[in-house]
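Visitor: give me coordinates for this.
(one chain, ligands or ions: 1)
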Amino acid sequence: MGKDGWYTEEWAGQGSALSLRLKDKVHDEKSPYQRIEIYETETFGTLMTLDGLVMVTDRDNFVYHEMMAHVALFSHKAPRRVLIIGGGDCGTLREVLKHDEVEHVDQVELDERVTRVAERFFPELCVANDDPRAHLYFQDGIQWVKDAAPGSYDIIIVDSTDPVGPAAGLFGEAFYADCHRALRPEGIVVGQSESPLFHTELIKAMHAALRATDFLDVATVHFPQCTYPSGWWSATLGRRDATLTSFREDDCRERSFATRYYNAGIHEAAFASPEFLFKALL
Ligand code: AG3
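Guide: Residues are numbered from 1 along each chain as shown. Presented below is the predicted three-dimensional model:
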């Protein structure tokens, strides 16, 4: 907490930053993996940071979590078995479990403390943690996918931090090759892929790595995320054996659960590529 009562995340090399006005710092710990801090902000509710980077605020996390879950799940004709790598705050898990056809979810988060802290300070993100379909493991997700039996999952969601430190391996070819093997035919891997504006090269590299590991179709979806670098965020999907151009539109329109950002119109619109990115990905 800065002396001036603001929390600021500076965006290295981008000459810009995000600041949120704070009411209070309510938690600060060093886990074996990282520093976990919780603040009460004036207008964004509770804020969680990991090693000083914004992960979740009450006010805008719904956009990210809905896009990480529903785009992939409605793109698949029968998503039954889902793997979430990371996702310790459990917001993505909550969205995945809204789908009645999902029978089994493994969530593999490296740092158990992130989940315990989320249970205390973001209880609404953790409401589904006791769902009998949810299985929480606290270990290395890269190793988990390496060890997974071929064809274990329909969907793999990589809800990670930035591609530095332990998360770096979640953006590369070796990891995607393991995902390809762990997925059933027509399975989908989706990973958070940073800012289209600030991290174009990363998105380019993810597309190349997914294609190099035999994913038939690769696409990036876009959404606003006002507390992440540049305020504009993305997720990149790779699909085995099928394209990403259609989705279960009727099921999506008639879904039995509430969303606040995602709907059928957003699903279609989110795949539209800005011209600079389209050119970068040619
Ligand atoms: N996923 C974090 C995206 C990275 C944010 N980067 C940053 N603030 N520099 C967050 C986990 C949400 N479940």
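Visitor: helix, strand, or coil at residue 158?
Guide: Counting by DSSP: H, G, I helix; E, B strand; the rest coil, the backbone at residue 158 sits in strand.
Visitor: pLDDT score for it?
Guide: Looking at residue 158, its pLDDT reads 98.
Visitor: look up the closest residue to it, ignoring the ones flanking it.
Guide: residue 191 (3.6 Å; C-beta to C-beta, 6 or more residues apart in numbering). Heads up, the C-betas are built off the backbone N, CA and C, glycines and all.
Visitor: what of residue 172?
Guide: residue 209 (5.9 Å).
Visitor: isn't there a helix covering that neighbour?
Guide: Yes - under three-state DSSP, residue 209 falls within a helix.
Visitor: tell me the contacts of it?
Guide: Shown in contact with residue 209 (C-beta atoms under 8 Å, 6 or more residues apart in numbering): 171, 172, 173, 176.
Visitor: looking at the residues you listed, spot the one nearest residue 26.
Guide: Closest approach to residue 26 among the contacts of residue 209 (C-beta to C-beta): residue 171, at 32.0 Å.
Visitor: just give me the neighbour total for the closest one.
Guide: Other residues within reach of residue 171, judged by other C-beta atoms under 10 Å, total 22.
Visitor: hmm, back to that, now the residue nearest to residue 172: how far from the ligand?
Guide: Going from residue 209 to the ligand by C-beta to the nearest ligand atom, to the nearest Å gives 19 Å.
Visitor: same question, residue 5
Guide: For residue 5, the distance to the ligand - C-beta to the nearest ligand atom - is 20 Å.
Visitor: apart from its chain neighbours, what residue comes closest to that residue?
Guide: residue 22 (5.6 Å).
Visitor: ok, the one you found to the ligand distance?
Guide: Counting by C-beta to the nearest ligand atom, the gap from residue 22 to the ligand is 16 Å.
Visitor: that residue pairs with what?
Guide: residue 41 (DSSP bridges).
Visitor: dump the residue contacts of it.
Guide: 1, 5, 6, 7, 39, 40, 41, 42.
Visitor: what strand or helix carries the residue nearest to residue 158?
Guide: strand 183-192 (DSSP states H and E).
Visitor: so where do the helices sit in the stretch 1-150 of the chain?
Guide: Using DSSP state H, counting those that start in this stretch, the helices of the stretch 1-150 of the chain run over residues 61-75, 91-96, 112-121, 141-147.
Visitor: tell me which of those helices sits most buried.
Guide: helix 91-96 (a mean of 26; mean count of other C-beta atoms under 10 Å).
Visitor: so which of the contacts of residue 209 is the most crowded?
Guide: Most surrounded of the contacts of residue 209: other C-beta under 10 Å gives residue 176, at 25 neighbours.
Visitor: I'd say residue 140 and residue 110 touch.
Guide: Yes - using C-beta atoms under 8 Å, residue 140 makes contact with residue 110 at a distance of 5.9 Å.
Visitor: and these two? Which one has more around it.
Guide: residue 110 (23 against 16).
Visitor: select from the contacts of residue 22 the one having the most neighbours.
Guide: Going by other C-beta under 10 Å, residue 39 tops the contacts of residue 22 with 22 neighbours.
Visitor: what's the spacing between the residue nearest to residue 158 and the ligand?
Guide: 10 Å.
Visitor: pLDDT at that residue, what is it?
Guide: 98.
Visitor: what does the one 3 residues further on give?
Guide: The predicted structure scores residue 194 at 98 on the pLDDT scale.
Visitor: can we start the residue count at 349 from this point?
Guide: Taking 349 as the first residue, the last one we looked at is residue 542.
Visitor: just confirm it is within a helix.
Guide: No - assessed with three-state DSSP, residue 542 is coil; it does not lie in a helix.
Visitor: what about the residue lying closest to it once chain neighbours are set aside, which helix or strand?
Guide: Of all residues beyond its chain neighbours, the one nearest residue 542 is residue 550 (5.4 Å), with distances taken as C-beta to C-beta, 6+ apart. Per DSSP H and E, residue 550 falls inside helix 548-560.
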